[in-house]
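K.L.:
no FASTA, just this:
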């Protein structure tokens with residue numbers, strides 16, 4: 001017997017109304033809106049600005065890698081090469097007069113994306129007095145309260161509850177600010193992250209949680225360490241809407257940031273964004289990255305590089321190869337000056353060891 005015809009589905013408007021009345025719809029609404037209009041419609045000047053910032057991060061990190069090899073940078077050093085579109089796309093949408101940023105120890109790129117001087121960042125990397133933390137923080141612990149950049153944290157996932165504290169302060173003061181709290185796919189399995197999700201949702205804190213999924217955490221692929229690799233779903237139990245974003249496309253990141261910020265600034269509580277990206281170097285300078293093949297890295301560089309994507313689009317908009325080469329040359333000059341400044345700056349005085357130290361008194 002032939003199967004009876006199924007009744008026609010409800011009209012689109014009726015279906016949309018029914019979906020909107022579904023208590024779970026709000027958890028999908030941002031992703032739905034993002035899918036409808038995934039890329040930011042940047043002007044030529046805006047795209048040049050994004051390209052320049054990403055190029056600055058790339059060249060800065062390449063130089064930092066060279067200085068580390070020469071022994072001028074000590075301790076741990078985690079480079080941001082390959083992930084530039086995440087910080088630039090998100091932070092270009094922020095209001096630097098009121099919004100705040102906090103991240104883990106792969107922090108140089110976020111500081112540069114927030115407009116901090118490459119000279120003082122490089123000076124910090126090399127342990128000089130002129131550094132943003134007076135040479136005492138190094139690569140992993142950089143702060144600028146003036147710019148509302150609150151680290152640079154060495155403990156995996158520790159910055160997430162601190163970010164909730166920043167968001168609580170924004171709400172308490174009523175300043176309209178939003179906190180972006182970055183963490184990685186490795187930190188996504190930390191218990192403190194979920195305690196923070198719960199509090200942030202309960203109190204409707206103005207915070208955007210950003211998972212920078214660079215695929216390998218400290219050296220283990222996400223699929224081997226995480227039962228749920230769609231990290232934007234991790235907030236569902238706490239009624240936090242999630243967004244799945246291509247972190248290798250600066251225009252897609254910027255568009256997603258616009259949606260997330262509008263949601264949070266509207267008093268609707270936190271958003272969880274998953275930024276799928278890729279780091280070209282090892283976890284740190286001491287990591288040979290033998291857990292993946294050179295062919296895999298080269299394939300991403302060739303087909304999915306965020307800077308090359310932006311460059312191609314600029315050329316399609318009429319920008320010349322010569323002007324982009326000139327821009328690259330200028331950026332290399334800026335980075336070279338930052339390295340020279342750092343190398344010629346004095347180390348902190350010994351007395352500096354005793355400043356900014358918390359001492360408990362019995």
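P.N.:
Nice, I can see it. Since we're looking at a predicted model, the values are computed, not measured.
K.L.:
Would you mind listing the buried residues in stretch 270-289?
P.N.:
Applying a neighbour-count criterion of 16 or more other C-beta atoms under 10 Å, the buried positions in stretch 270-289 are 270-285, 289. All C-beta spots, glycine's among them, are computed from the backbone N, C-alpha and C.
K.L.:
One more: stretch 218-238?
P.N.:
Judged by neighbour count (16+ other C-beta under 10 Å), stretch 218-238 contains these buried residues: 218-219, 222, 225-226, 229, 231-236, 238.
K.L.:
Name the nearest of these relative to residue 338.
P.N.:
In terms of C-beta to C-beta, no member of the buried residues of stretch 218-238 lies closer to residue 338 than residue 218, at 28.1 Å.
K.L.:
Please identify the helix or strand for residue 53.
P.N.:
Using DSSP states H and E, residue 53 falls within helix 44-69.
K.L.:
ok now that helix, how far from the chain's centre?
P.N.:
For helix 44-69, the gap between its own C-alpha mean and the chain's C-alpha mean amounts to 15 Å (C-alpha atoms, centre = their mean, to the nearest Å).
K.L.:
again, but for stretch 285-292
P.N.:
Averaging C-alpha positions (C-alpha atoms, centre = their mean) puts stretch 285-292 22 Å from its chain's average.
K.L.:
wait, residue 103 sits on residue 179?
P.N.:
No: taking contact to mean C-beta atoms under 8 Å, the distance of 11.0 Å between residue 103 and residue 179 leaves them out of contact.
K.L.:
Neighbour count for the two, which is higher?
P.N.:
A side-by-side neighbour count of residue 103 and residue 179, using other C-beta atoms under 10 Å, places residue 179 first with 29 against 25.
K.L.:
What separation do you get for the more buried one and residue 163?
P.N.:
Applying C-beta to C-beta, to the nearest Å, one obtains 5 Å for the distance of residue 179 from residue 163.
K.L.:
The helix holding residue 53 packs against which elements?
P.N.:
In terms of contacts (3 or more C-beta pairs under 8 Å, 6 or more residues apart in numbering; DSSP states H and E), helix 44-69 is packed against helix 84-91, helix 108-113, helix 118-125, helix 250-265, helix 306-316, helix 321-344.
K.L.:
Report the inter-axis angle for the third one versus helix 321-344.
P.N.:
Between the axis of helix 118-125 and that of helix 321-344 there is an angle of 40 degrees, by axes from the mean of the first three to the mean of the last three C-alpha atoms, to 10 degrees.
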